[in-house]
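>>> Build the 3D model from these lines:
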Amino acid sequence: MAKRRLKPRSSASRFVEYNTYEELTKNAVAPKSLLTTVKKTGGRNAQGKITVRNIGGANRRKYRVIDFKRNKDGIPAKVDSIQYDPNRTAYIALLTYADGEKKFILAPKGLSVGDKVMSGAGSEIKPGNALPLSEIPLGSRIHNIELQPGKGGQMARSAGLSAQLMAKEGEYATLRLPSGEMRKVRSVCRATIGELSNGEQEIISLGKAGRTRHLGIRPSVRGSAMNPVDHPHGGGEGKSPVGHAGPLTPWGKPALGYKTRKHKKASDKLIVKRAK
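Down below sits the predicted model:
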C-alpha cells in the first residue's frame, strides 16, 4: 500500500496521510443490485434515546451486499474488479459467475482482476477459494470463517486478518484466531483461503479531527473533565485523581479489563485457550 502525505500548508494538513489505493481497479462501478441504503441512527434507539455514545454525522454511503456464505458451489467465477468499501477496512472483489450472476466477496491479499475463484468441496487451495475446513491443509491461512454451517463467515473479516488452521480431530478443527485464542470449529464449516487485503490501513494517519467526523465518530470527553453528577471521575479542584480503586465507566462499572462475557456460555467448551 502506498501513502500520500499532504504538504503542511496549514495546521490541518500537516499530519494528514491518504491511501493512494493503487491496488484498486480504476473507474470500477458497483452494480445497483448489490447496493442498499444505510440508515443513520446517531446512536439512538426507537425512542430517540442515545444508547451508544459518540456516534453521529459521517458521509453518506451505500452498503455493499457481501456474499459471506460462499455457497454457490461448483460454478467458476471471474474477478471483474477490486473495489473500495466504505463500510469495512478490507477491499472487496466483484465476481461474475459463469451463469452471469454478480456477487461481492472480501478480497484476499494477492487476488487480482482476471483471476478465477471457486467455492465448495474439491476447490483448489488458492486465495479466494472457499472450502469446508475438513478439506483445507493444516497450517493454511484462512479468513471469513463460519461458526455455524451455512450461516456465513463471522470471524477474521477485517483488513489484514487471518486465522491459522492448527489441527483436525473428529468433527472439529482447531483454529488460532487473530487474537491468539485457540478455538474449535466444526469441520463442515466453511472458510476462505488467504489473508485479507489492505493490511497496512492501520498505519494511515487521519491527521485532523474532521476526518474522524467524516467516519461518523463524535468527540469523546474525559470523565475527569466532567462534573460529579455526570461521571464517577468528575469533580475536584484542578486535575484530580479518579477517587476510586480503579477507573469506572460513566455508569459506575469497572473499566479496563473488567470481563463482561457471560458465565457458563455454551461456546466455552469450544475455546481451547483464551486470548492473552
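
>>> ok, residue 45 to residue 231 distance?
22 Å (Cβ to Cβ, to the nearest Å). Heads up, the C-betas are built off the backbone N, CA and C, glycines and all.

>>> higher neighbour count, those two?
Between residue 45 and residue 231, residue 231 has the larger neighbour count (other Cβ atoms under 10 Å), namely 20 against 10.

>>> Now do the contacts for the more buried one.
223-224, 250 (Cβ atoms under 8 Å, 6 or more residues apart in numbering).

>>> May I see the residues you listed arranged in JSON lines, with pLDDT and neighbour count as well?
Shown next, in JSON lines, are the contacts of residue 231 (pLDDT from 0 to 100; neighbours: other Cβ atoms under 10 Å):
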{"residue": "223", "pLDDT": "96", "neighbour count": "17"}
{"residue": "224", "pLDDT": "96", "neighbour count": "17"}
{"residue": "250", "pLDDT": "96", "neighbour count": "15"}
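
>>> I'd like those as JSON lines, with secondary structure and distance to residue 244 appended.
Putting the contacts of residue 231 into JSON lines (DSSP: H, G, I helix; E, B strand; the rest coil; distance: Cβ to Cβ, whole Å) gives the following:
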{"residue": "223", "secondary structure": "helix", "distance to residue 244": "11"}
{"residue": "224", "secondary structure": "helix", "distance to residue 244": "12"}
{"residue": "250", "secondary structure": "coil", "distance to residue 244": "13"}
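
>>> At the geometric centre of this structure, which residue do we find?
The centroid of the chain falls nearest to residue 158 when counting by Cα atoms, centre = their mean (3.1 Å).

>>> For that one, which non-adjacent residue is spatially closest?
residue 89 (5.3 Å; Cβ to Cβ, 6 or more residues apart in numbering).

>>> From residue 128, how far off is the one you found?
Residue 89 is 18 Å from residue 128, by Cβ to Cβ.

>>> pretty sure residue 142 contacts residue 189?
No - contact criterion Cβ atoms under 8 Å: residue 142 and residue 189 do not qualify, at 10.5 Å.

>>> what touches both of the two?
Shared contacts of residue 142 and residue 189 (Cβ under 8 Å, 6+ apart): residue 133.

>>> Have a look at those two and say which one is more surrounded.
residue 142 (25 against 22).

>>> which residues does the more buried one form a beta bridge with?
Per DSSP bridges, the residues bridged to residue 142 are residue 163, residue 193.

>>> Can you name the residues that contact it?
Residue 142 neighbours (Cβ under 8 Å, 6+ apart): 133, 136, 156, 162-165, 175, 191-194.

>>> any chance of the residues you listed in JSON lines, with distance to residue 56 too?
Formatted as JSON lines, these follow (distance: Cβ to Cβ, whole Å):
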{"residue": "133", "distance to residue 56": "41"}
{"residue": "136", "distance to residue 56": "42"}
{"residue": "156", "distance to residue 56": "30"}
{"residue": "162", "distance to residue 56": "33"}
{"residue": "163", "distance to residue 56": "34"}
{"residue": "164", "distance to residue 56": "38"}
{"residue": "165", "distance to residue 56": "41"}
{"residue": "175", "distance to residue 56": "37"}
{"residue": "191", "distance to residue 56": "36"}
{"residue": "192", "distance to residue 56": "34"}
{"residue": "193", "distance to residue 56": "39"}
{"residue": "194", "distance to residue 56": "36"}
